[in-house]
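Novice: this one's structure only:
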């Protein structure tokens, strides 16, 4: 490891100790940073599985929560690239009589940019230790299974008026993509995004049948650590829930920005900043930052995840944790150290 890498490791170790002291020493964390071909950091801490005391390794798969909204966006944009959809395709044209409260003028572009105004099915500000899903989580497998959750929520504002982060919008995108293509959503993501990017360790496994190299997410309930299996859909969907690795995320950013997933004009559209009212901007499925980096991030019960790429320097970093809070001090340390 280079001098820069050694310094980065020291800074991150301090952040890991902060994360552990905030929760406990068993909290699982993984972090990797590369600049071009140089590996600056490739490390893991804590446990991937508390029950069996299995240590986390840098090669473990981990949940991404909303971090995989970028996969959904690219699956949809691949259908734009082949003419199956356009950015101006309305949701209503594919919904028919379903979800009558979705405004007729809501388009694919509105949904991708979180500017649709459709009603939200999930409260992002709720206590993540609660059981938030209003239907049994084992029934949430295909996008169509979410229709009862999406139904009955009034429009919050007119399409295109402003930014409002929307899980419902990305679930709706998965429904539209599946209906337009005739291909099951998870297969579509695998064929259009994960396969071309070489992301062989990324996918949507059932939470009640995780592969042996997948880290388990945890939440503290009534003072005890419990897995998140009863808190989230049994299979991830359009708004989140895929599992990946730090190495696969490097492949993702490389493939995206090289135009191997969608054509360059659609990559440019993804990176066109749209204001959010906060410090960062949003494109189509990607967070955009003032320093020129692009990113994905997610937080949910038993999940914290962030991945960023700097096209100017070829630097990619990814951090993930097995609780909703663990990754953030580590991600902040990595980001600040690389910026410094």
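Specialist: That came in fine, so what should we check first? Just so you know, these numbers come straight off a predicted model, no measurement behind them. Residues are numbered from 1 along each chain as shown.
Novice: Contacts only, for the nearest residue to residue 53 once chain neighbours are set aside.
Specialist: In space, and not counting its chain neighbours, residue 53 is closest to residue 47: 6.3 Å by Cβ to Cβ, 6 or more residues apart in numbering. Using the backbone N, CA and C atoms, a C-beta is placed for each residue, glycine as well. With contacts defined as Cβ atoms under 8 Å, 6 or more residues apart in numbering, residue 47 is in contact with 26, 27, 28, 53, 54, 55, 56, 322.
Novice: Look at the fifth one and say how many residues are nearby.
Specialist: It refers to residue 54. 16 (other Cβ atoms under 10 Å).
Novice: Let me know the secondary structure of the closest residue to it other than its chain neighbours.
Specialist: Ranked by Cβ to Cβ, 6+ apart and with sequence neighbours excluded, the top spatial neighbour of residue 54 is residue 48, at 5.0 Å. Per DSSP: H, G, I helix; E, B strand; the rest coil, the local secondary structure of residue 48 is strand.
Novice: Report pLDDT for residue 48.
Specialist: Per-residue pLDDT puts residue 48 at 97.
Novice: tell me the contacts of it?
Specialist: Contacts for residue 48 (Cβ under 8 Å, 6+ apart) come out as 28, 54, 55, 56, 57, 60, 214, 215, 216, 322.
Novice: and stretch 73-92, how far apart are its ends?
Specialist: 19 Å (Cα to Cα, to the nearest Å).
Novice: Quick one: mean pLDDT over it.
Specialist: Taken as a whole, stretch 73-92 carries a mean pLDDT of 98.
Novice: And for stretch 232-249?
Specialist: 97.
Novice: what comes up buried for that stretch?
Specialist: For stretch 232-249, burial by neighbour count (16 or more other Cβ atoms under 10 Å) applies to 232-249.
Novice: do the same with stretch 305-315
Specialist: For stretch 305-315, burial by neighbour count (16+ other Cβ under 10 Å) applies to 305, 306, 307, 308, 309, 310, 315.
Novice: Which members of the contacts of residue 47 are positioned in strands?
Specialist: Members of those lying in strands (criterion: DSSP state E): 54, 55.
Novice: tell me which of the contacts of residue 47 is nearest to residue 38?
Specialist: Ranked by distance to residue 38 (Cβ to Cβ), the contacts of residue 47 are led by residue 56 at 23.3 Å.
Novice: re the thing from before, closest one to residue 163 out of the contacts of residue 47, please.
Specialist: Distance ranking of the contacts of residue 47 against residue 163, using Cβ to Cβ, places residue 322 first at 30.0 Å.
Novice: In CSV: the contacts of residue 47, plus pLDDT.
Specialist: Listed next are the contacts of residue 47 as CSV, based on pLDDT from 0 to 100:
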residue, pLDDT
26, 91
27, 93
28, 95
53, 96
54, 97
55, 97
56, 97
322, 97
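Novice: of all the contacts of residue 47, which comes closest to residue 183?
Specialist: Residue 183 lies nearest to residue 322 out of the contacts of residue 47, by Cβ to Cβ, at 32.0 Å.
Novice: follow-up on the earlier one: buried subset of the contacts of residue 47?
Specialist: 26, 27, 28, 54, 56, 322.
Novice: what would those look like in CSV with distance to residue 117?
Specialist: Shown next, in CSV, are these (distance: Cβ to Cβ, whole Å):
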residue, distance to residue 117
26, 42
27, 38
28, 38
54, 44
56, 40
322, 34
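Novice: Quick check: the farthest pair among those residues?
Specialist: The most widely separated members of those, counting by Cβ to Cβ, are 27 and 54 (13.6 Å).
Novice: Chain neighbours aside, what residue packs nearest to residue 183?
Specialist: residue 191 (7.2 Å).
Novice: Buried residues of the helix or strand of the chain with the lowest mean pLDDT, list them for me.
Specialist: When the helices and strands of the chain are scored by mean pLDDT, DSSP states H and E, helix 3-22 comes last with a mean of 76. Judged by neighbour count (16+ other Cβ under 10 Å), helix 3-22 contains these buried residues: 5, 8, 9, 11, 12, 15, 16, 18, 19, 20.
Novice: just stretch 317-335 next, same as before
Specialist: For stretch 317-335, by 16+ other Cβ under 10 Å, it's 317-324, 326-331, 333-335.
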